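K.L.:
When you get a sec, could you give me coordinates for this:
(2 chains)
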Amino acid sequence: MSKTQSNATTRISSFVLLIIFLTLALSLTALILATTFFGQGNEIIAGYLLLIGFIGVALSTYVLFQTRRRMLRLRIEIPPIVTTIECRKCGFKSVREFQRGDYIFKEGEPCQKCNEKMLITAIYREVKDKEKTA
Amino acid sequence: MAMSSALQNGLIQLQLFEEYSWVFNLLFYVIFVVFIFYGQRIQMYVMLREVEGSLFKLKYIKDEGRKIAIETIKEIGKPQTDPAVRVDRFLEYFTIGPQSLDPAGVVWKLEHILDIRDVRFKDEVKLMAPATDDTQAHNLENTLEAAMALNFIYKIIRHFYLLGKKTLSLYIIMQIQMILPLIMREAEAYASALKAFAYGQPIGDGAGALVAAKLMRGHEIRKVPKDCVVATVPIEGRTTFVMKAEGPGGNVGKIGDAIKTVIDENEGKIATIIMIDAAMKLEGEEVGEVAEGVGAAIGGPGVDQFKIEESILKHHIPINAVIVREDIGDAVSPMRKEIFESADKAIERIKQLMLERTKEGDKVIIAGVGNSIGIGQ
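P.N.:
Here you go, the predicted structure:
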């Protein structure tokens, strides 16, 4: 039951990706050029190129992570739901994943120990600590 | 020698920098002037972009809702034709509320319109999914209603977004941008509700129904109008009439009618009514916290609350409420463990309340309010 779903809307556009990677490549080139200029003694030009390079790298990685985060947010998370089944006679308790057709106080599966009909006593989802604080 | 050469080189570069410094000054002034005249417009575009992002997400959620509804109909309804067209038509369905210029009798008019809507929805579901039994039909109806709510939210946000873009009015864009986080929360809650309804899982809103189901378990159950069940259960020496909406299909019933029926059957001789419902929690409060108060604990359009208040006023019956706190997300998504566990705490409160507020031999009505989806009796 616990799964994520995605469709065409959750994919990152290839045009956006191209722009991000192009900016990243240009910024890296600026950084390499900056070291060359620094070696040649042109410190001011090297300084500008260094600034442009760092800003470019920072911007493109930020946009890339933001786009990825937005895509992750777009997925509908289906939490795992558990069903607790109890035997009224011998007290045997079993917990399994929810199945379509389950409902609280449904009589069904025979007990593994005494073969008596068991009763669904609980159906719920457990929320992780991270989700609780969000 | 080398030092003087480096100094000379540095001075040349400084001169070069000074030569071009006017470019930076000009750039600074241009940015300053642009922000003075176009600052608000830039802010507006930033807001529009934010709304656009949320609209994108809403569209995804809405499409998922439609897809889940169609898949569920195909899976359990076994339709002869493709249900997509009928589902699309259903998603655009609307209800016009009664005219309230003369408010006298508006509750009955509203009830009548809601009844017509209910019958129409049930008929539509039967046509879309002919092979479903009553429980599945109820669940399917709830699934379609959730998909309908998502479609409606998307259309409203899109309307304001396009209107704001067209008129470039900061105030239109601003008002939608400000309430957007709350709307998104609601939309996400409905998105998680979709699967719960489709699979028939109990939801947080069913906390009241769960309490009633636990109390009436093992006792003789009879049906009361409309779509409700009641059981006569002896608790702490009192005769209690425990009622809830009939489950396990997605159904809220008409608890107002059920309470009125039991009061009339007992000629008004009811010592107290205790209503249990899921109620909105404030931020900072714990999920599943049980609280107690007075009044008719029931949500919805207000018809049932009106009927209950009319009945208790006629016979001067005191009414108490026990609530289980949860937020909108928890109310429509699969029931959380904390909410499930709070049912036992609520039962303890009910027993305590009965001991304090009634005498032995008294008759008490206990009404578990909420959606009975995934909760039998």
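
K.L.:
confidence score at residue 106?
P.N.:
Unless you meant another one, I'm taking chain A. Looking at A:K106, its pLDDT stands at 90.

K.L.:
not quite, I wanted chain B
P.N.:
pLDDT at B:V106 comes out at 94.

K.L.:
and it, what does it touch?
P.N.:
B:98-100 (CB atoms under 8 Å, 6 or more residues apart in numbering or on different chains). Any C-beta I mention is one placed from the backbone N, CA and C, and that applies to glycine too.

K.L.:
Same question for B:L194.
P.N.:
Counting by CB under 8 Å, 6+ apart, B:L194 touches B:64-65, B:68-69, B:143, B:146-147, B:150.

K.L.:
want to try a markdown table for those, with distance to B:I375, secondary structure and neighbour count as columns?
P.N.:
Listed next are the contacts of B:L194 as a markdown table, based on distance: CB to CB, whole Å; DSSP: H, G, I helix; E, B strand; the rest coil; neighbours: other CB atoms under 10 Å in any protein chain shown:
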| residue | distance to B:I375 | secondary structure | neighbour count |
| --- | --- | --- | --- |
| B:E64 | 26 | helix | 22 |
| B:G65 | 23 | helix | 27 |
| B:I68 | 22 | helix | 21 |
| B:A69 | 22 | helix | 27 |
| B:T143 | 17 | helix | 26 |
| B:A146 | 18 | helix | 25 |
| B:A147 | 22 | helix | 30 |
| B:L150 | 24 | helix | 27 |
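
K.L.:
out of the residues you listed, who's near chain A?
P.N.:
Filtering those for neighbours of chain A using CB under 8 Å from any CB of the partner chain leaves B:E64.

K.L.:
count of neighbours near residue 98?
P.N.:
All of this refers to chain A. 22 (other CB atoms under 10 Å in any protein chain shown).

K.L.:
my bad, the chain I had in mind was chain B
P.N.:
B:P98: 15 neighbours (other CB under 10 Å).

K.L.:
So in chain A, which helix runs the longest?
P.N.:
Longest helix of chain A, by residue count under DSSP state H: helix A:43-73.

K.L.:
and it, what does it pack onto?
P.N.:
helix A:14-40, helix B:2-72 (3 or more CB pairs under 8 Å, 6 or more residues apart in numbering or on different chains; DSSP states H and E).

K.L.:
Pick out the shakiest of those, pLDDT-wise.
P.N.:
Ranked by mean pLDDT, these bottom out at helix B:2-72, which scores a mean of 81.

K.L.:
what about the very next helix or strand once past that one, near chain A?
P.N.:
Downstream of helix B:2-72, the next assigned helix or strand under DSSP states H and E is helix B:84-91. No: on the criterion CB under 8 Å from any CB, helix B:84-91 is out of touch with chain A, staying 16.0 Å away.

K.L.:
Adding distance to B:L355, write the helices and strands packed on helix A:43-73 out as CSV.
P.N.:
Shown next, in CSV, are the helices and strands packed on helix A:43-73 (distance: least, CB to CB, whole Å):
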stretch, distance to B:L355
helix A:14-40, 66
helix B:2-72, 46
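
K.L.:
A:I120 against A:V82, yeah?
P.N.:
No: counting by CB atoms under 8 Å, A:I120 stays clear of A:V82, with 10.8 Å between them.

K.L.:
In terms of packing, which of the two has more residues around it?
P.N.:
Set A:I120 next to A:V82 and count neighbours by other CB under 10 Å: A:I120 wins out with 21 against 16.

K.L.:
Grab the two from the contacts of B:L194 that are most spread out in space.
P.N.:
Using CB to CB, the two most remote members of the contacts of B:L194 are B:E64 and B:T143, lying 12.0 Å apart.

K.L.:
How about whichever strand in chain A runs longest and chain B, any contact?
P.N.:
Longest strand of chain A, by residue count under DSSP state E: strand A:117-125. Yes: Strand A:117-125 lies within reach of chain B by CB under 8 Å from any CB, at A:122-125.

K.L.:
just to revisit the earlier point, closest one of the contacts of B:V106 to chain A?
P.N.:
B:P98 (35.8 Å; CB to the nearest CB).

K.L.:
my read is the closest one is in a strand, agree?
P.N.:
No: B:P98: not assigned to a strand; according to DSSP: H, G, I helix; E, B strand; the rest coil it is coil.

K.L.:
Now do the same for A:N7: its pLDDT.
P.N.:
49.

K.L.:
List the contacts of the closest residue in space to B:R86 that isn't next to it in sequence.
P.N.:
Once flanking residues are discounted, B:R86 sits nearest to B:M128: 5.2 Å by CB to CB, 6 or more residues apart in numbering or on different chains. By CB under 8 Å, 6+ apart, B:M128 lies in contact with B:73, B:77, B:79, B:83, B:86-87, B:90, B:140.

K.L.:
ok, and the residue in the stretch 151-300 of chain B positioned nearest to chain A, which helix or strand is that part of?
P.N.:
Closest approach between the stretch 151-300 of chain B and chain A, counting by CB to the nearest CB: B:P248, at 3.5 Å. Using DSSP H and E, B:P248 maps to neither a helix nor a strand.

K.L.:
show me the contacts for it.
P.N.:
A:103-104, A:106, B:135, B:200, B:372-376.

K.L.:
And those, which is closest to B:K223?
P.N.:
In terms of CB to CB, no member of the contacts of B:P248 lies closer to B:K223 than B:S372, at 12.9 Å.

K.L.:
Excluding chain neighbours, what is closest to that closest one?
P.N.:
With sequence-adjacent residues excluded and distances taken as CB to CB, 6+ apart, B:S372 is closest to B:G247, at 3.3 Å.

K.L.:
ditto for B:I319
P.N.:
B:I273 (4.6 Å).

K.L.:
same deal with B:A212?
P.N.:
B:G368 (2.6 Å).

K.L.:
what do you get for B:K351?
P.N.:
B:E236 (5.8 Å).

K.L.:
same question, B:R117
P.N.:
Nearest residue to B:R117, sequence neighbours excluded (CB to CB, 6+ apart): B:T95, at 5.2 Å.

K.L.:
which stretch of helix or strand covers that neighbour?
P.N.:
Assessed by DSSP H and E, B:T95 sits outside every helix and strand.

K.L.:
check contacts around it.
P.N.:
Applying CB under 8 Å, 6+ apart, the residues contacting B:T95 are B:113-114, B:117.

K.L.:
Reformat these into TSV and put distance to B:M47, pLDDT and neighbour count next to each item.
P.N.:
Shown next, in TSV, are the contacts of B:T95 (distance: CB to CB, whole Å; pLDDT from 0 to 100; neighbours: other CB atoms under 10 Å in any protein chain shown):
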residue	distance to B:M47	pLDDT	neighbour count
B:I113	38	95	15
B:L114	37	93	17
B:R117	36	92	13
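
K.L.:
Which of the residues in stretch B:86-94 are classified as buried?
P.N.:
Residues B:86-87, B:90-91 are the ones in stretch B:86-94 that count as buried (16 or more other CB atoms under 10 Å in any protein chain shown).

K.L.:
Check which helix or strand B:I276 maps to.
P.N.:
strand B:272-280.

K.L.:
I meant A:V82, not that one.
P.N.:
Going by DSSP H and E, A:V82 is part of strand A:81-87.

K.L.:
is the helix or strand following that strand anywhere near chain B?
P.N.:
Downstream of strand A:81-87, the next assigned helix or strand under DSSP H and E is strand A:93-97. No: applying CB under 8 Å from any CB, one finds strand A:93-97 out of contact with chain B, separated by at least 11.4 Å.

K.L.:
now could you export just the CA positions of stretch B:49-65 as PDB?
P.N.:
What follows is stretch B:49-65, C-alpha atoms only, in PDB (Å, rounded to 0.1, in the frame of the first residue of the first chain):
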ATOM      1  CA  ARG B  49       4.600  32.900  -9.800                       C
ATOM      2  CA  GLU B  50       3.900  31.500  -6.400                       C
ATOM      3  CA  VAL B  51       0.200  31.100  -7.200                       C
ATOM      4  CA  GLU B  52       1.100  29.500 -10.500                       C
ATOM      5  CA  GLY B  53       3.300  27.000  -8.700                       C
ATOM      6  CA  SER B  54       0.400  26.100  -6.400                       C
ATOM      7  CA  LEU B  55      -2.000  25.900  -9.300                       C
ATOM      8  CA  PHE B  56       0.300  23.500 -11.000                       C
ATOM      9  CA  LYS B  57       0.300  21.300  -7.900                       C
ATOM     10  CA  LEU B  58      -3.500  21.600  -7.600                       C
ATOM     11  CA  LYS B  59      -3.900  20.500 -11.200                       C
ATOM     12  CA  TYR B  60      -1.800  17.500 -10.500                       C
ATOM     13  CA  ILE B  61      -3.900  16.600  -7.400                       C
ATOM     14  CA  LYS B  62      -7.200  17.200  -9.300                       C
ATOM     15  CA  ASP B  63      -6.100  15.000 -12.200                       C
ATOM     16  CA  GLU B  64      -5.000  12.300  -9.800                       C
ATOM     17  CA  GLY B  65      -8.400  12.500  -8.100                       C
END
